[in-house]
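> Following is a predicted model, sequence given first.
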Amino acid sequence: MSDLINAFFNGEIFKDSLWLLVKTLPTVFEVLVLGLVFSYLWGLILALMRLSRFRVLRYLTGAYIDFFRGLPLLLLFIFIYYGLPLAGLTLNALTSGVLGLTLCYGAYSAEIFRAGIQAIPRGQTEAARSLGMTSGQAMRYVILPQAVKLVIPPLTNEFIAMIKDTSLMSVIAVPELLFRAKEKMGVVANPTPLTVAALIYVVFTIPLIRLAARLESKRRKRRPPTKPAAAEISPEAEQDLLNTDIAGQLP
Amino acid sequence: MIPMIELIDVHKSFGHLEVLRGVSLRVTKGEVVVVIGPSGSGKSTMLRCINGLEPIQRGKVVIEGEDLHGPGTDPNKIRQKIGMVFQQFNLFPHKNALQNIMLAPMKVQKKSTREAEAIARDLLDRVGLADKAHAYPDELSGGQQQRVAIARALAMKPDMMLFDEVTSALDPELVAEVLAVMQQLAEGGMTMVVVTHEMGFAREVGSRLVFMDEGTVIEEGDPREMIANPKEPRTQKFLSMVL
(Lines give C-alpha, C1' and ligand atoms only; values in the text may rest on other atoms or scores of the structure.)
Protein backbone atom coordinates (compact mmCIF):
# COMPACT_ATOMS: atom_id res chain seq x y z
CA MET A 1 0.00 0.00 0.00
CA SER A 2 2.70 2.44 0.97
CA ASP A 3 4.52 1.43 -2.23
CA LEU A 4 1.50 2.45 -4.19
CA ILE A 5 1.18 5.76 -2.40
CA ASN A 6 4.86 6.37 -2.84
CA ALA A 7 4.60 5.61 -6.52
CA PHE A 8 1.63 7.79 -7.37
CA PHE A 9 1.58 10.39 -4.61
CA ASN A 10 5.20 11.03 -3.83
CA GLY A 11 5.02 14.30 -1.93
CA GLU A 12 8.34 15.75 -3.05
CA ILE A 13 7.78 14.93 -6.71
CA PHE A 14 4.17 16.07 -6.47
CA LYS A 15 5.24 19.56 -5.42
CA ASP A 16 7.93 19.71 -8.08
CA SER A 17 5.74 18.61 -10.93
CA LEU A 18 2.76 20.69 -9.88
CA TRP A 19 4.61 23.89 -10.63
CA LEU A 20 6.15 22.43 -13.75
CA LEU A 21 2.75 21.42 -15.08
CA VAL A 22 0.91 24.57 -14.09
CA LYS A 23 3.47 26.42 -16.19
CA THR A 24 2.14 24.59 -19.27
CA LEU A 25 -1.37 25.94 -18.76
CA PRO A 26 -0.93 29.12 -20.83
CA THR A 27 0.02 26.92 -23.80
CA VAL A 28 -2.93 24.62 -23.20
CA PHE A 29 -5.29 27.57 -22.92
CA GLU A 30 -3.93 29.13 -26.07
CA VAL A 31 -4.50 25.96 -28.04
CA LEU A 32 -7.94 25.53 -26.54
CA VAL A 33 -9.15 29.06 -27.13
CA LEU A 34 -7.94 29.05 -30.72
CA GLY A 35 -9.27 25.53 -31.24
CA LEU A 36 -12.63 26.48 -29.76
CA VAL A 37 -13.09 29.63 -31.81
CA PHE A 38 -11.87 28.17 -35.10
CA SER A 39 -13.64 24.83 -34.80
CA TYR A 40 -16.99 26.38 -33.88
CA LEU A 41 -16.72 28.92 -36.67
CA TRP A 42 -15.66 26.27 -39.14
CA GLY A 43 -18.41 24.00 -37.84
CA LEU A 44 -21.03 26.69 -38.36
CA ILE A 45 -19.81 27.33 -41.90
CA LEU A 46 -19.83 23.60 -42.62
CA ALA A 47 -23.35 23.25 -41.20
CA LEU A 48 -24.64 26.07 -43.41
CA MET A 49 -22.98 24.49 -46.44
CA ARG A 50 -24.42 21.13 -45.44
CA LEU A 51 -27.90 22.69 -45.52
CA SER A 52 -27.29 24.74 -48.64
CA ARG A 53 -29.63 24.43 -51.58
CA PHE A 54 -26.71 23.56 -53.86
CA ARG A 55 -26.53 19.82 -54.04
CA VAL A 56 -22.84 19.55 -54.90
CA LEU A 57 -21.90 21.69 -51.91
CA ARG A 58 -24.13 19.56 -49.67
CA TYR A 59 -22.51 16.35 -50.80
CA LEU A 60 -18.96 17.64 -50.58
CA THR A 61 -19.56 18.98 -47.09
CA GLY A 62 -21.23 15.73 -46.05
CA ALA A 63 -18.21 13.80 -47.28
CA TYR A 64 -15.86 16.10 -45.39
CA ILE A 65 -17.83 15.75 -42.19
CA ASP A 66 -18.05 11.97 -42.41
CA PHE A 67 -14.35 11.71 -43.18
CA PHE A 68 -13.17 13.80 -40.25
CA ARG A 69 -15.66 12.29 -37.84
CA GLY A 70 -14.30 8.89 -38.76
CA LEU A 71 -10.63 9.84 -38.52
CA PRO A 72 -8.62 9.35 -35.32
CA LEU A 73 -7.45 12.76 -34.17
CA LEU A 74 -4.10 11.31 -33.14
CA LEU A 75 -3.45 10.23 -36.71
CA LEU A 76 -4.44 13.65 -37.96
CA PHE A 77 -1.98 15.38 -35.61
CA ILE A 78 0.85 13.10 -36.73
CA PHE A 79 -0.10 13.59 -40.35
CA ILE A 80 -0.04 17.37 -40.07
CA TYR A 81 3.11 17.64 -37.97
CA TYR A 82 5.27 14.85 -39.38
CA GLY A 83 3.62 14.18 -42.75
CA LEU A 84 3.10 17.60 -44.26
CA PRO A 85 6.78 18.65 -43.94
CA LEU A 86 7.63 15.83 -46.34
CA ALA A 87 5.34 17.57 -48.81
CA GLY A 88 7.13 20.84 -48.17
CA LEU A 89 4.72 22.37 -45.67
CA THR A 90 6.16 22.72 -42.19
CA LEU A 91 3.95 23.98 -39.40
CA ASN A 92 5.10 24.48 -35.85
CA ALA A 93 3.70 22.22 -33.17
CA LEU A 94 1.15 24.70 -31.85
CA THR A 95 -0.21 25.58 -35.28
CA SER A 96 -0.41 21.89 -36.14
CA GLY A 97 -2.37 21.29 -32.96
CA VAL A 98 -4.85 24.07 -33.61
CA LEU A 99 -5.25 23.04 -37.24
CA GLY A 100 -5.92 19.43 -36.24
CA LEU A 101 -8.49 20.44 -33.66
CA THR A 102 -10.21 22.76 -36.10
CA LEU A 103 -10.42 20.22 -38.93
CA CYS A 104 -11.70 17.49 -36.66
CA TYR A 105 -13.85 19.35 -34.17
CA GLY A 106 -15.21 21.51 -36.98
CA ALA A 107 -16.76 18.34 -38.36
CA TYR A 108 -18.22 17.38 -34.98
CA SER A 109 -19.67 20.79 -34.29
CA ALA A 110 -21.03 21.01 -37.84
CA GLU A 111 -23.26 18.08 -37.00
CA ILE A 112 -24.35 19.74 -33.79
CA PHE A 113 -25.12 23.04 -35.51
CA ARG A 114 -26.95 21.23 -38.29
CA ALA A 115 -29.14 19.39 -35.80
CA GLY A 116 -29.79 22.63 -33.93
CA ILE A 117 -30.78 24.51 -37.07
CA GLN A 118 -33.02 21.69 -38.22
CA ALA A 119 -34.68 21.55 -34.81
CA ILE A 120 -36.15 25.03 -35.33
CA PRO A 121 -39.69 24.64 -36.67
CA ARG A 122 -40.21 25.40 -40.36
CA GLY A 123 -42.84 27.96 -39.46
CA GLN A 124 -40.10 30.24 -38.19
CA THR A 125 -38.42 30.38 -41.56
CA GLU A 126 -41.77 30.80 -43.28
CA ALA A 127 -42.77 33.67 -41.01
CA ALA A 128 -39.44 35.37 -41.68
CA ARG A 129 -39.64 34.85 -45.45
CA SER A 130 -43.25 36.04 -45.56
CA LEU A 131 -42.03 39.32 -44.08
CA GLY A 132 -39.74 39.76 -47.05
CA MET A 133 -36.50 38.55 -45.49
CA THR A 134 -34.04 36.74 -47.74
CA SER A 135 -33.08 33.23 -46.70
CA GLY A 136 -29.82 34.64 -45.37
CA GLN A 137 -31.60 37.21 -43.22
CA ALA A 138 -34.03 34.58 -41.94
CA MET A 139 -31.09 32.37 -40.97
CA ARG A 140 -29.19 35.18 -39.31
CA TYR A 141 -31.90 36.97 -37.38
CA VAL A 142 -34.46 34.24 -36.75
CA ILE A 143 -33.06 30.71 -37.00
CA LEU A 144 -29.48 30.98 -35.75
CA PRO A 145 -30.21 32.90 -32.52
CA GLN A 146 -32.63 30.15 -31.55
CA ALA A 147 -30.43 27.30 -32.77
CA VAL A 148 -27.34 28.56 -30.95
CA LYS A 149 -29.21 28.56 -27.66
CA LEU A 150 -30.25 25.01 -28.34
CA VAL A 151 -26.75 23.73 -29.08
CA ILE A 152 -24.94 25.25 -26.12
CA PRO A 153 -25.19 22.06 -24.00
CA PRO A 154 -23.88 19.72 -26.72
CA LEU A 155 -21.18 22.23 -27.64
CA THR A 156 -20.14 22.32 -23.99
CA ASN A 157 -19.81 18.54 -24.03
CA GLU A 158 -17.72 18.85 -27.11
CA PHE A 159 -15.46 21.36 -25.46
CA ILE A 160 -14.86 18.90 -22.62
CA ALA A 161 -13.77 16.30 -25.15
CA MET A 162 -11.52 18.89 -26.74
CA ILE A 163 -9.80 19.62 -23.43
CA LYS A 164 -9.01 15.97 -23.04
CA ASP A 165 -7.87 15.67 -26.62
CA THR A 166 -5.22 18.33 -26.16
CA SER A 167 -3.27 15.52 -24.46
CA LEU A 168 -2.91 13.89 -27.89
CA MET A 169 -0.71 16.81 -28.84
CA SER A 170 1.98 15.36 -26.62
CA VAL A 171 3.00 13.22 -29.60
CA ILE A 172 3.70 16.28 -31.71
CA ALA A 173 5.78 17.94 -29.01
CA VAL A 174 3.31 20.61 -27.98
CA PRO A 175 4.58 21.39 -24.49
CA GLU A 176 1.24 20.65 -22.84
CA LEU A 177 0.32 18.77 -19.67
CA LEU A 178 0.86 15.18 -20.68
CA PHE A 179 3.99 15.98 -22.63
CA ARG A 180 5.68 17.58 -19.61
CA ALA A 181 4.32 14.97 -17.21
CA LYS A 182 5.81 12.15 -19.24
CA GLU A 183 9.08 14.00 -19.49
CA LYS A 184 9.21 14.49 -15.75
CA MET A 185 8.21 10.87 -15.15
CA GLY A 186 11.20 9.80 -17.18
CA VAL A 187 13.52 11.96 -15.13
CA VAL A 188 12.30 10.96 -11.67
CA ALA A 189 11.38 7.38 -12.58
CA ASN A 190 8.10 7.81 -10.75
CA PRO A 191 4.53 8.20 -12.09
CA THR A 192 3.45 10.93 -9.66
CA PRO A 193 3.66 13.62 -12.41
CA LEU A 194 0.91 11.72 -14.24
CA THR A 195 -1.25 11.93 -11.13
CA VAL A 196 -0.73 15.66 -11.04
CA ALA A 197 -1.60 15.99 -14.73
CA ALA A 198 -4.74 13.92 -14.18
CA LEU A 199 -5.80 16.16 -11.32
CA ILE A 200 -5.29 19.28 -13.38
CA TYR A 201 -7.40 17.86 -16.21
CA VAL A 202 -10.32 17.02 -13.96
CA VAL A 203 -10.13 20.35 -12.15
CA PHE A 204 -11.07 21.88 -15.49
CA THR A 205 -13.34 19.22 -16.90
CA ILE A 206 -15.55 18.36 -13.93
CA PRO A 207 -17.03 21.85 -13.50
CA LEU A 208 -17.78 21.87 -17.21
CA ILE A 209 -19.39 18.45 -17.00
CA ARG A 210 -21.59 19.72 -14.17
CA LEU A 211 -22.39 22.87 -16.14
CA ALA A 212 -23.38 20.90 -19.24
CA ALA A 213 -25.66 18.69 -17.15
CA ARG A 214 -27.25 21.76 -15.56
CA LEU A 215 -27.88 23.45 -18.91
CA GLU A 216 -29.34 20.24 -20.22
CA SER A 217 -31.76 19.74 -17.33
CA LYS A 218 -32.73 23.39 -17.34
CA ARG A 219 -33.78 23.07 -20.95
CA ARG A 220 -35.77 19.95 -20.18
CA LYS A 221 -37.59 21.61 -17.33
CA ARG A 222 -38.56 24.59 -19.41
CA ARG A 223 -40.36 22.27 -21.78
CA PRO A 224 -43.07 21.39 -22.43
CA PRO A 225 -44.56 24.85 -22.54
CA THR A 226 -48.28 25.42 -22.74
CA LYS A 227 -50.19 25.23 -26.00
CA PRO A 228 -48.72 24.88 -29.49
CA ALA A 229 -46.27 27.50 -28.34
CA ALA A 230 -44.17 29.71 -30.50
CA ALA A 231 -41.33 27.30 -31.05
CA GLU A 232 -41.89 23.68 -30.40
CA ILE A 233 -39.11 21.26 -31.04
CA SER A 234 -40.22 17.92 -32.29
CA PRO A 235 -39.09 14.88 -30.28
CA GLU A 236 -37.23 13.49 -33.29
CA ALA A 237 -35.30 16.71 -33.77
CA GLU A 238 -34.41 16.78 -30.12
CA GLN A 239 -33.24 13.17 -30.20
CA ASP A 240 -31.16 13.98 -33.23
CA LEU A 241 -29.58 16.82 -31.33
CA LEU A 242 -28.73 14.60 -28.38
CA ASN A 243 -27.32 11.90 -30.61
CA THR A 244 -24.80 14.27 -32.08
CA ASP A 245 -23.29 14.78 -28.67
CA ILE A 246 -19.92 13.14 -28.58
CA ALA A 247 -20.61 9.66 -29.84
CA GLY A 248 -17.49 8.06 -31.18
CA GLN A 249 -15.28 11.05 -30.82
CA LEU A 250 -12.55 9.45 -28.80
CA PRO A 251 -9.44 8.50 -30.70
CA MET B 1 -57.94 48.15 -62.74
CA ILE B 2 -55.07 45.76 -62.13
CA PRO B 3 -56.10 43.07 -59.64
CA MET B 4 -54.08 42.83 -56.42
CA ILE B 5 -53.77 39.09 -56.75
CA GLU B 6 -54.33 37.01 -59.82
CA LEU B 7 -53.88 33.25 -59.93
CA ILE B 8 -54.08 31.76 -63.39
CA ASP B 9 -54.45 27.99 -63.70
CA VAL B 10 -52.09 27.25 -60.82
CA HIS B 11 -50.97 23.65 -60.43
CA LYS B 12 -49.04 22.42 -57.43
CA SER B 13 -47.94 18.92 -56.46
CA PHE B 14 -46.13 17.45 -53.53
CA GLY B 15 -44.41 14.49 -55.15
CA HIS B 16 -47.16 12.50 -56.80
CA LEU B 17 -49.90 14.19 -54.82
CA GLU B 18 -51.54 16.92 -56.84
CA VAL B 19 -52.81 19.49 -54.37
CA LEU B 20 -53.82 22.29 -56.71
CA ARG B 21 -55.31 21.31 -60.05
CA GLY B 22 -55.67 24.54 -61.93
CA VAL B 23 -56.77 27.21 -59.51
CA SER B 24 -57.70 30.62 -60.86
CA LEU B 25 -58.62 33.52 -58.64
CA ARG B 26 -58.75 37.30 -58.89
CA VAL B 27 -58.71 39.57 -55.90
CA THR B 28 -59.24 43.28 -56.42
CA LYS B 29 -58.32 46.12 -54.11
CA GLY B 30 -60.24 46.26 -50.85
CA GLU B 31 -61.86 42.87 -51.32
CA VAL B 32 -62.11 40.40 -48.45
CA VAL B 33 -62.09 36.99 -50.06
CA VAL B 34 -62.97 34.18 -47.68
CA VAL B 35 -61.86 30.71 -48.74
CA ILE B 36 -63.60 27.67 -47.31
CA GLY B 37 -63.49 23.98 -48.07
CA PRO B 38 -62.84 20.60 -46.51
CA SER B 39 -59.40 19.86 -45.13
CA GLY B 40 -57.03 18.75 -47.84
CA SER B 41 -58.87 20.80 -50.44
CA GLY B 42 -55.79 22.93 -51.10
CA LYS B 43 -56.93 26.20 -49.46
CA SER B 44 -53.80 26.70 -47.39
CA THR B 45 -51.54 25.59 -50.20
CA MET B 46 -53.18 28.11 -52.52
CA LEU B 47 -52.59 30.82 -49.95
CA ARG B 48 -48.93 29.84 -49.63
CA CYS B 49 -48.54 29.94 -53.39
CA ILE B 50 -49.73 33.53 -53.45
CA ASN B 51 -46.60 34.76 -51.68
CA GLY B 52 -44.34 32.10 -53.11
CA LEU B 53 -43.76 30.13 -49.93
CA GLU B 54 -44.62 27.14 -52.12
CA PRO B 55 -43.20 26.86 -55.62
CA ILE B 56 -45.73 25.96 -58.30
CA GLN B 57 -45.45 23.56 -61.20
CA ARG B 58 -47.70 25.29 -63.70
CA GLY B 59 -49.68 28.47 -64.11
CA LYS B 60 -49.05 32.02 -63.00
CA VAL B 61 -49.17 34.05 -59.83
CA VAL B 62 -49.45 37.76 -60.57
CA ILE B 63 -49.22 40.28 -57.75
CA GLU B 64 -50.21 43.84 -58.63
CA GLY B 65 -49.42 43.14 -62.24
CA GLU B 66 -46.06 41.54 -61.55
CA ASP B 67 -45.45 37.87 -62.30
CA LEU B 68 -44.16 36.32 -59.06
CA HIS B 69 -42.16 33.74 -61.00
CA GLY B 70 -41.17 36.08 -63.80
CA PRO B 71 -37.50 36.26 -64.82
CA GLY B 72 -36.81 39.75 -63.47
CA THR B 73 -38.88 39.42 -60.32
CA ASP B 74 -37.44 39.45 -56.83
CA PRO B 75 -39.87 37.38 -54.74
CA ASN B 76 -38.53 38.98 -51.56
CA LYS B 77 -39.66 42.38 -52.82
CA ILE B 78 -43.12 41.07 -53.64
CA ARG B 79 -43.45 39.35 -50.26
CA GLN B 80 -42.97 42.70 -48.57
CA LYS B 81 -46.29 43.75 -50.08
CA ILE B 82 -48.07 40.63 -48.81
CA GLY B 83 -48.56 40.19 -45.10
CA MET B 84 -49.20 36.67 -43.87
CA VAL B 85 -50.58 35.31 -40.62
CA PHE B 86 -50.29 31.63 -39.77
CA GLN B 87 -52.33 29.09 -37.86
CA GLN B 88 -49.45 28.44 -35.46
CA PHE B 89 -48.67 32.18 -34.99
CA ASN B 90 -44.95 31.56 -35.65
CA LEU B 91 -43.84 34.45 -33.50
CA PHE B 92 -40.10 34.57 -32.94
CA PRO B 93 -39.76 33.11 -29.42
CA HIS B 94 -36.40 34.79 -28.73
CA LYS B 95 -37.87 38.25 -29.21
CA ASN B 96 -40.53 40.11 -27.29
CA ALA B 97 -43.70 41.45 -28.88
CA LEU B 98 -42.15 44.77 -29.77
CA GLN B 99 -39.00 43.21 -31.23
CA ASN B 100 -41.06 40.70 -33.21
CA ILE B 101 -42.78 43.58 -34.94
CA MET B 102 -39.66 45.72 -35.35
CA LEU B 103 -37.40 43.06 -36.86
CA ALA B 104 -38.53 43.11 -40.48
CA PRO B 105 -38.96 46.89 -40.82
CA MET B 106 -35.40 47.31 -39.49
CA LYS B 107 -33.66 44.51 -41.37
CA VAL B 108 -35.64 44.47 -44.59
CA GLN B 109 -36.74 48.07 -44.98
CA LYS B 110 -33.69 49.44 -43.14
CA LYS B 111 -35.78 51.64 -40.89
CA SER B 112 -34.11 53.16 -37.85
CA THR B 113 -34.78 51.69 -34.42
CA ARG B 114 -36.80 54.74 -33.47
CA GLU B 115 -38.92 54.65 -36.57
CA ALA B 116 -39.52 50.92 -36.27
CA GLU B 117 -40.40 51.22 -32.61
CA ALA B 118 -42.91 53.96 -33.31
CA ILE B 119 -44.57 51.77 -35.94
CA ALA B 120 -44.55 48.76 -33.61
CA ARG B 121 -46.04 50.64 -30.66
CA ASP B 122 -48.74 52.11 -32.84
CA LEU B 123 -49.66 48.66 -34.17
CA LEU B 124 -49.64 47.06 -30.73
CA ASP B 125 -52.02 49.74 -29.67
CA ARG B 126 -54.27 49.02 -32.65
CA VAL B 127 -54.48 45.31 -31.79
CA GLY B 128 -55.12 46.16 -28.15
CA LEU B 129 -51.80 45.00 -26.73
CA ALA B 130 -50.01 48.24 -25.92
CA ASP B 131 -49.30 46.93 -22.41
CA LYS B 132 -47.67 43.72 -23.73
CA ALA B 133 -44.84 45.35 -25.66
CA HIS B 134 -42.16 43.65 -23.59
CA ALA B 135 -43.86 40.28 -23.15
CA TYR B 136 -42.27 37.27 -24.82
CA PRO B 137 -44.46 34.96 -26.93
CA ASP B 138 -44.53 32.24 -24.26
CA GLU B 139 -45.95 34.78 -21.82
CA LEU B 140 -48.90 35.57 -24.09
CA SER B 141 -52.13 33.71 -24.68
CA GLY B 142 -52.80 32.24 -28.10
CA GLY B 143 -55.12 35.08 -28.97
CA GLN B 144 -52.56 37.66 -27.91
CA GLN B 145 -49.82 35.91 -29.86
CA GLN B 146 -51.97 35.90 -32.93
CA ARG B 147 -52.72 39.61 -32.58
CA VAL B 148 -49.00 40.31 -32.29
CA ALA B 149 -48.50 38.20 -35.41
CA ILE B 150 -51.05 40.34 -37.26
CA ALA B 151 -49.29 43.49 -36.05
CA ARG B 152 -45.96 42.05 -37.17
CA ALA B 153 -47.29 41.46 -40.67
CA LEU B 154 -48.85 44.94 -40.79
CA ALA B 155 -45.57 46.57 -39.81
CA MET B 156 -44.29 46.06 -43.34
CA LYS B 157 -47.21 48.20 -44.57
CA PRO B 158 -48.42 45.46 -46.90
CA ASP B 159 -50.95 46.11 -49.66
CA MET B 160 -52.72 42.85 -48.89
CA MET B 161 -52.95 40.29 -46.12
CA LEU B 162 -53.24 36.50 -46.16
CA PHE B 163 -54.77 34.68 -43.19
CA ASP B 164 -54.19 30.94 -42.97
CA GLU B 165 -56.70 29.44 -40.53
CA VAL B 166 -55.54 31.91 -37.96
CA THR B 167 -58.15 30.99 -35.34
CA SER B 168 -57.93 27.21 -35.68
CA ALA B 169 -55.28 26.75 -33.00
CA LEU B 170 -57.04 29.02 -30.52
CA ASP B 171 -59.20 28.15 -27.55
CA PRO B 172 -62.80 29.06 -28.41
CA GLU B 173 -62.95 32.01 -26.01
CA LEU B 174 -59.93 33.60 -27.74
CA VAL B 175 -61.26 33.43 -31.27
CA ALA B 176 -63.39 36.56 -31.04
CA GLU B 177 -60.54 38.92 -30.15
CA VAL B 178 -58.60 37.86 -33.24
CA LEU B 179 -61.61 38.05 -35.53
CA ALA B 180 -62.36 41.52 -34.19
CA VAL B 181 -58.90 42.72 -35.22
CA MET B 182 -59.39 41.21 -38.66
CA GLN B 183 -62.80 42.82 -39.04
CA GLN B 184 -61.36 46.18 -38.08
CA LEU B 185 -58.68 45.67 -40.70
CA ALA B 186 -61.25 44.79 -43.35
CA GLU B 187 -63.28 47.86 -42.52
CA GLY B 188 -60.14 49.92 -42.98
CA GLY B 189 -60.08 48.79 -46.62
CA MET B 190 -57.32 46.16 -46.46
CA THR B 191 -57.31 43.61 -49.26
CA MET B 192 -57.54 40.23 -47.57
CA VAL B 193 -57.62 36.55 -48.43
CA VAL B 194 -58.86 34.58 -45.46
CA VAL B 195 -58.79 30.81 -45.22
CA THR B 196 -61.08 29.95 -42.33
CA HIS B 197 -63.77 27.74 -40.88
CA GLU B 198 -65.50 30.71 -39.25
CA MET B 199 -68.68 30.94 -41.26
CA GLY B 200 -69.91 33.85 -39.16
CA PHE B 201 -66.89 35.85 -40.19
CA ALA B 202 -67.35 34.83 -43.82
CA ARG B 203 -70.92 36.07 -43.77
CA GLU B 204 -70.37 39.30 -41.85
CA VAL B 205 -67.01 40.47 -43.15
CA GLY B 206 -66.39 38.66 -46.42
CA SER B 207 -67.03 40.45 -49.67
CA ARG B 208 -66.71 37.21 -51.60
CA LEU B 209 -66.83 33.57 -50.66
CA VAL B 210 -64.77 30.92 -52.45
CA PHE B 211 -65.42 27.23 -51.98
CA MET B 212 -62.57 24.90 -52.83
CA ASP B 213 -62.50 21.12 -53.04
CA GLU B 214 -59.91 18.68 -54.36
CA GLY B 215 -57.58 21.39 -55.54
CA THR B 216 -59.96 23.51 -57.56
CA VAL B 217 -62.37 26.37 -57.00
CA ILE B 218 -65.85 24.82 -57.12
CA GLU B 219 -67.97 27.89 -56.57
CA GLU B 220 -67.61 31.53 -55.65
CA GLY B 221 -69.96 34.37 -55.00
CA ASP B 222 -71.50 36.76 -52.51
CA PRO B 223 -71.12 35.18 -49.06
CA ARG B 224 -74.70 35.64 -47.84
CA GLU B 225 -76.13 34.56 -51.14
CA MET B 226 -73.89 31.53 -51.40
CA ILE B 227 -74.37 30.38 -47.82
CA ALA B 228 -78.13 30.65 -48.24
CA ASN B 229 -78.33 29.13 -51.73
CA PRO B 230 -75.26 27.16 -52.73
CA LYS B 231 -75.50 26.00 -56.35
CA GLU B 232 -73.01 23.17 -56.54
CA PRO B 233 -73.87 19.87 -54.83
CA ARG B 234 -70.42 19.72 -53.19
CA THR B 235 -70.84 23.20 -51.79
CA GLN B 236 -74.27 22.26 -50.50
CA LYS B 237 -72.89 19.16 -48.82
CA PHE B 238 -70.00 21.02 -47.23
CA LEU B 239 -72.14 23.90 -45.98
CA SER B 240 -74.71 21.53 -44.53
CA MET B 241 -71.93 20.01 -42.46
CA VAL B 242 -70.35 23.20 -41.13
CA LEU B 243 -73.43 25.34 -40.55
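On my side now, so go ahead.

> can you give me the helices for chain A?
Taking DSSP state H, the helices of chain A run over residues A:2-8, A:11-22, A:25-50, A:55-70, A:73-78, A:93-119, A:122-130, A:135-137, A:144-165, A:177-188, A:192-222, A:235-243.

> quick one, which of these is packed in tightest?
Stretch with highest mean neighbour count among the helices of chain A: helix A:93-119 (a mean of 24; mean count of other Cβ atoms under 10 Å in any protein chain shown). The C-beta positions use only the backbone N, C-alpha and C, and glycine is treated the same way.

> interface residues of chain B facing chain A?
B:51, B:53, B:76-77, B:79-80, B:82-84, B:86, B:88-94, B:103-104, B:107-108, B:137-138, B:142, B:145, B:149, B:152-153, B:156, B:169 (Cβ under 8 Å from any Cβ of the partner chain).

> Put the buried members of those into a PyMOL selection.
Restricted to buried positions by 16 or more other Cβ atoms under 10 Å in any protein chain shown, the PyMOL selection for the residues of chain B next to chain A reads:
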select buried, chain B and resi 51+53+76+79+80+82+83+84+86+88+89+90+91+92+93+94+103+104+107+108+137+142+145+149+152+153+156+169
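
> pLDDT-wise, which helix or strand of chain A ranks last?
Every helix and strand in chain A was compared by mean pLDDT, DSSP states H and E; the lowest is helix A:235-243, with a mean of 59.

> Distance to B:Val175 added to the helices of chain A, as a markdown table?
A markdown table is the format used below for the helices of chain A (distance: least, Cβ to Cβ, whole Å):
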| stretch | distance to B:Val175 |
| --- | --- |
| helix A:2-8 | 72 |
| helix A:11-22 | 66 |
| helix A:25-50 | 40 |
| helix A:55-70 | 43 |
| helix A:73-78 | 57 |
| helix A:93-119 | 30 |
| helix A:122-130 | 20 |
| helix A:135-137 | 33 |
| helix A:144-165 | 28 |
| helix A:177-188 | 64 |
| helix A:192-222 | 28 |
| helix A:235-243 | 29 |
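
> nearest to chain B, of the ones you listed?
Among the helices of chain A, helix A:122-130 comes nearest to chain B, with 3.8 Å by Cβ to the nearest Cβ.

> near chain B at all, that closest one?
Yes: applying Cβ under 8 Å from any Cβ, one finds helix A:122-130 in contact with chain B at A:Gly123, A:Gln124, A:Glu126, A:Ala127, A:Ala128, A:Arg129, A:Ser130.

> What residues does the closest residue to the last one other than its chain neighbours make contact with?
Pointing back at A:Ser130 there. Excluding its sequence neighbours, the residue lying closest to A:Ser130 (Cβ to Cβ, 6 or more residues apart in numbering or on different chains) is B:Met84, at 4.0 Å. By Cβ atoms under 8 Å, 6 or more residues apart in numbering or on different chains, the contact set of B:Met84 is A:Ala127, A:Ser130, B:Leu47, B:Asn51, B:Leu53, B:Ala153, B:Met161, B:Leu162, B:Phe163, B:Asp164.

> Check B:Leu68 too.
B:Asn51, B:Gly52, B:Lys60, B:Val61, B:Val62, B:Pro75, B:Ile78.

> Correct me if wrong: A:Leu32 contacts A:Lys164.
No: using Cβ atoms under 8 Å, A:Leu32 is not in contact with A:Lys164; the gap is 10.8 Å.

> Surely the residue nearest to A:Ser130 is in a strand?
Yes: per DSSP: H, G, I helix; E, B strand; the rest coil, B:Met84 lies within a strand segment.

> Ends of stretch B:24-41, what's the gap?
Length of stretch B:24-41, first residue to last, Cα to Cα, to the nearest Å: 14 Å.

> buried residues in that stretch?
Within stretch B:24-41, the residues scored as buried using 16+ other Cβ under 10 Å are B:Leu25, B:Val27, B:Glu31, B:Val32, B:Val33, B:Val34, B:Val35, B:Ile36, B:Gly37, B:Pro38, B:Ser41.

> just the helices in chain B please.
Under DSSP H, chain B gives helices at B:43-50, B:75-79, B:97-107, B:113-126, B:142-154, B:172-187, B:199-205, B:223-228, B:233-242.

> Which stretch among those helices is buried most, on average?
Ranked by mean neighbour count, the helices of chain B are led by helix B:142-154 with a mean of 26 (mean count of other Cβ under 10 Å).

> Tell me how far the closest residue to B:Arg203 other than its chain neighbours lies from chain A.
Distance criterion Cβ to Cβ, 6+ apart; nearest residue to B:Arg203, sequence neighbours excluded, is B:Pro223 at 5.2 Å. Using Cβ to the nearest Cβ, to the nearest Å, B:Pro223 is found at 26 Å from chain A.

> Hmm, B:Pro223 is touching B:Gly206, no?
Yes: applying Cβ under 8 Å, one finds B:Pro223 in contact with B:Gly206, separated by 4.2 Å.

> Quickly list what's touching both of the two.
Listed as contacting both B:Pro223 and B:Gly206 by Cβ under 8 Å, 6+ apart are B:Val34.

> Spatially central residue in chain B, please.
Central residue of chain B (Cα atoms, centre = their mean): B:Leu162, 1.6 Å from the mean position.

> Could you give the bridge partners of it?
Counting by DSSP bridges, B:Leu162 forms beta bridges with B:Met84, B:Val193.

> pLDDT score for it?
Model confidence at B:Leu162, given as pLDDT, is 97.

> before we move on, what about B:Tyr136?
In this model, B:Tyr136 is scored at 97, pLDDT.

> which ones are touching the residue nearest to it when sequence neighbours are not counted?
Spatial nearest neighbour of B:Tyr136, excluding adjacent residues (Cβ to Cβ, 6+ apart): B:Asn96 at 5.1 Å. Residues in contact with B:Asn96 (Cβ under 8 Å, 6+ apart) are B:Ala133, B:His134, B:Ala135, B:Tyr136.

> Likewise for A:Leu215?
Neighbours of A:Leu215 in contact, by Cβ under 8 Å, 6+ apart: A:Ile152, A:Pro153, A:Thr156.
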